[in-house]
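Q: Okay, here's the prediction I keep looking at, along with the sequence it came from:
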Amino acid sequence: MVSKILSSSYIGIESYILEVEADIMPGLPSFNIVGLADAAISESKERVRAAIKNSGYELPARRMVINLSPAGIRKEGASFDLPIAIGLLSSLGVVESKNLKKYLVLGELSLNGDIRKIDGAINSVICAKENNIEGIILPRENYEEANMIKGVEVIPVEDLTQVVEFLNGNIVIDPPKEKEFIESDYIVDFREVKGQIQAKRCIEISAAGGHNFYMIGTPGAGKSMLAKRLPTILPPMNDDEIIESTKIYSSAGLLTRSMPIISKRPFRSPHHSSSMVALVGGGRTPKAGEISLAHNGVLFLDEVTEFPRMVLETLRQPLEDKKISITRAEYRVEMPADMILIMASNPCPCGNLFENKCTCSISQIQRYQHKISGPLLDRIDLYLEIKKLSKEELGGFETGESSEEIRKRVNKARKIQWKRFGSSRINGNMTPKEMKTYCELDDNTKKILIDSIDTFGLSGRSYDKVLKVSRTIADLEGVENIQLAHIMEALSYRKK
Ligand SMILES: Nc1ncnc2c1ncn2[C@@H]1O[C@H](COP(=O)(O)OP(=O)(O)OP(=O)(O)O)[C@@H](O)[C@H]1O
Ligand SMILES: [Mg+2]
Ligand SMILES: [Zn+2]
């Protein structure tokens with residue numbers, strides 16, 4: 001008898017429904033899986049065989065065929081073990097078929113029949129919901145992420161026998177007790193950063209409006225230190241953002257027992273030796289890159305001049321569109337990539353250009369600074385040159401404001417923006433139409449801005465960026481209309 005089990009797989013971060021057909025026929029004993037299966041799925045045969053046997057069921061010495069459909073899409077991973085096993089057991093009549101249509105079934109089997117965690121669980125639950133499937137049977141370890149989606153019954157399971165008994169209506173499976181997620185506090189705080197008042201101001205503006213920030217300066221001035229503290233002043237994630245980010249991490253296989261969902265804004269700091277695929281995503285089967293893992297959070301490119309130029313250039317499109325589209329012969333996927341970009345570097349090879357003791361030649365300096373292309377710089381909202389601390393600042397113990405104090409102001413400014421846009425959008429993402437409405441200037445201010453176009457070599461994009469940053473500065477101040485002082489401050493963060 002042919003039995004059909006509903007399951008799912010994903011491409012990028014989007015899941016699709018898949019049918020696992022199992023048939024047991026008379027003939028020479030064999031076990032085949034067809035439908036574009038990769039190596040992991042072939043290995044699945046061994047796990048399924050052992051798990052079924054070790055759970056106390058018996059497979060007959062006959063011809064067994066599994067078909068994964070649709071057949072045209074490459075499938076990867078071990079999450080088909082469980083639907084394959086259930087399919088076979090259903091063909092044998094061990095599992096009754098009456099409940100099978102109600103559930104998506106997913107899970108990796110270990111040889112003794114235990115069910116192991118899978119990647120992309122939340123993505124599958126969302127897919128079940130979109131396809132009006134009542135419930136989903138998946139590994140106990142995926143319960144927390146799966147349970148974030150309302151409207152789909154989540155059945156968390158631990159071993160094969162439990163699934164068989166459940167489908168046969170012999171047992172009910174209670175959801176595990178809700179775990180309390182205690183948000184761990186950040187171990188760093190802005191209070192630890194001495195001086196660098198302007199840099200802190202830029203970080204605050206960046207956090208408030210979602211603006212990209214490039215710090216260029218002397219070694220040991222505190223650039224890396226400042227960037228690492230940006231997450232401590234960002235507002236908490238809302239439910240939609242938590243689901244979105246959890247989806248990305250789940251399909252990338254990055255959720256762990258101690259981090260079963262993503263409820264804290266991500267901070268990604270890829271090394272400059274990272275490949276293009278690691279940074280933007282892609283690969284044989286498409287995986288999220290650092291820019292998508294940083295979605296809803298921060299992407300920090302430290303020592304940015306050390307990144308290969310080609311790799312940096314791939315950021316141009318996603319920085320503009322807030323998402324990345326990857327097209328290969330086998331697939332086309334789109335993944336979100338809406339983050340705050342922070343970049344840091346030295347101004348020259350010796351690092352001391354701003355301290356009047358630079359030992360580099362002009363051509364060395366130029367070559368060094370040209371590693372960041374014009375188009376990439378054009379996508380930066382805030383640019384700041386940072387010098388080392390003065391003796392007084394360095395020797396003193398005087399500490400600045402705490403992250404909590406700054407976060408309060410950031411939150412206030414964000415609330416103004418959310419109210420203005422009627423959603424969780426922020427100034428950094430304003431559309432041209434919204435800019436027309438919310439970035440109006442009085443005649444005098446407008447004239448001064450227009451006069452500065454040549455001084456700062458403003459492009460169409462950077463002109464808009466000045467307006468957006470000014471909007472955020474006004475919001476931090478709680479002022480309705482952008483004023484000259486806001487424009488002047490925003491201009492002071494442009495590279496001359
Ligand atoms: N403003 C500061 N306040 C307090 N400590 C600082 C400050 N700047 C630097 N330090 C100290 O120096 C260390 C190095 O700072 P950091 O790594 O942030 O420098 P950097 O600007 O990133 O340098 P590089 O260009 O070499 O990467 C910090 O870990 C901290 O101990
Ligand atoms: Mg550094
Ligand atoms: Zn130098």
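A: Perfect, I can see it now. Ligands and ions are numbered 1, 2, ... in the order given.
Q: what's the helix or strand for the closest residue to ligand 2 within the chain?
A: Of the residues in the chain, the one nearest ligand 2 is Ser224, at a distance of 3.2 Å by C-beta to the ion. Bear in mind the C-beta positions are built from the backbone N, C-alpha and C, glycine included. Element membership for Ser224, per DSSP states H and E: helix 223-228.
Q: repeat for Ser7
A: Here Ser7, judged by DSSP H and E, is contained in strand 3-11.
Q: Kindly export that strand (C-alpha atoms) in PDB.
A: The C-alpha trace of strand 3-11 is given here as PDB (Å, rounded to 0.1, in the frame of the first residue of the first chain):
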ATOM      1  CA  SER A   3       1.200   5.900   2.100                       C
ATOM      2  CA  LYS A   4       1.700   9.600   1.900                       C
ATOM      3  CA  ILE A   5       3.200  11.700   4.700                       C
ATOM      4  CA  LEU A   6       3.300  15.500   4.600                       C
ATOM      5  CA  SER A   7       6.600  17.100   5.400                       C
ATOM      6  CA  SER A   8       8.500  20.200   4.400                       C
ATOM      7  CA  SER A   9      11.800  21.500   3.400                       C
ATOM      8  CA  TYR A  10      13.200  25.000   2.800                       C
ATOM      9  CA  ILE A  11      15.100  27.000   0.200                       C
END
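Q: Next secondary structure element downstream of that strand?
A: Next element after strand 3-11 (DSSP H and E): strand 14-25.
Q: can you pull the buried residues of stretch 388-401?
A: Neighbour counts over stretch 388-401 (16 or more other C-beta atoms under 10 Å) mark 388-389, 400-401 as buried.
Q: Looking at those, which gets the smallest pLDDT?
A: Lowest pLDDT within the buried residues of stretch 388-401 is found at Gly400 (81).
Q: give me every residue that touches that residue.
A: Listed by C-beta atoms under 8 Å, 6 or more residues apart in numbering, the contact set of Gly400 reads 190-191, 193-195, 197, 200.
Q: now swap in Ala288 and tell me
A: Counting by C-beta under 8 Å, 6+ apart, Ala288 has contacts 12-13, 248, 251-252, 281, 335.
Q: how close does Ile205 sit to Ala294?
A: Distance, Ile205 to Ala294, using C-beta to C-beta, to the nearest Å: 19 Å.
Q: now Ile122
A: According to C-beta to C-beta, Ile122 and Ala294 sit 18 Å apart.
Q: higher neighbour count, the two?
A: Between Ile122 and Ala294, counted using other C-beta atoms under 10 Å, the more crowded position is Ile122 (29 against 25).
Q: Tell me which helix or strand the closest residue to that one other than its chain neighbours sits in.
A: Nearest residue to Ile122 in three dimensions, chain neighbours excluded: Glu145, at 4.4 Å (C-beta to C-beta, 6 or more residues apart in numbering). If you go by DSSP H and E, Glu145 is part of helix 143-146.
Q: Provide the contact partners of that helix at residue level.
A: For helix 143-146, the external contacting residues (C-beta under 8 Å, 6+ apart) are 121-122, 124-125, 136, 138, 154, 156, 175-176, 179, 246, 250, 255, 260-261.
Q: try stretch 346-360
A: 216-219, 303, 305, 364-365, 368-369, 385-388.
Q: related to what we said a few turns ago, the nearest residue to the residue of the chain closest to ligand 2 once chain neighbours are set aside: neighbouring residues, count only.
A: The spatial neighbour of Ser224 that comes closest, neighbours along the chain excluded (C-beta to C-beta, 6+ apart), is Asp302 at 5.5 Å. Residues lying near Asp302 (other C-beta under 10 Å) number 19.
Q: How much space separates Asp302 from Tyr214?
A: Asp302 sits 12 Å away from Tyr214, going by C-beta to C-beta.
Q: same thing with Asn132?
A: Distance, Asn132 to Tyr214, by C-beta to C-beta: 48 Å.
Q: Just want to know which of the two has more residues nearby.
A: Tyr214 (24 against 8).
Q: Contact residues of the stretch 101-250 of the chain facing ligand 3?
A: By C-beta under 5 Å from the ion, no residue of the stretch 101-250 of the chain approaches ligand 3.
Q: check contacts around the residue most central in space within the chain.
A: By C-alpha atoms, centre = their mean, the mean C-alpha position of the chain lies nearest to Leu293, the distance being 2.7 Å. Contacts of Leu293 were listed using C-beta under 8 Å, 6+ apart, and they are 248-249, 252, 254, 266, 268.
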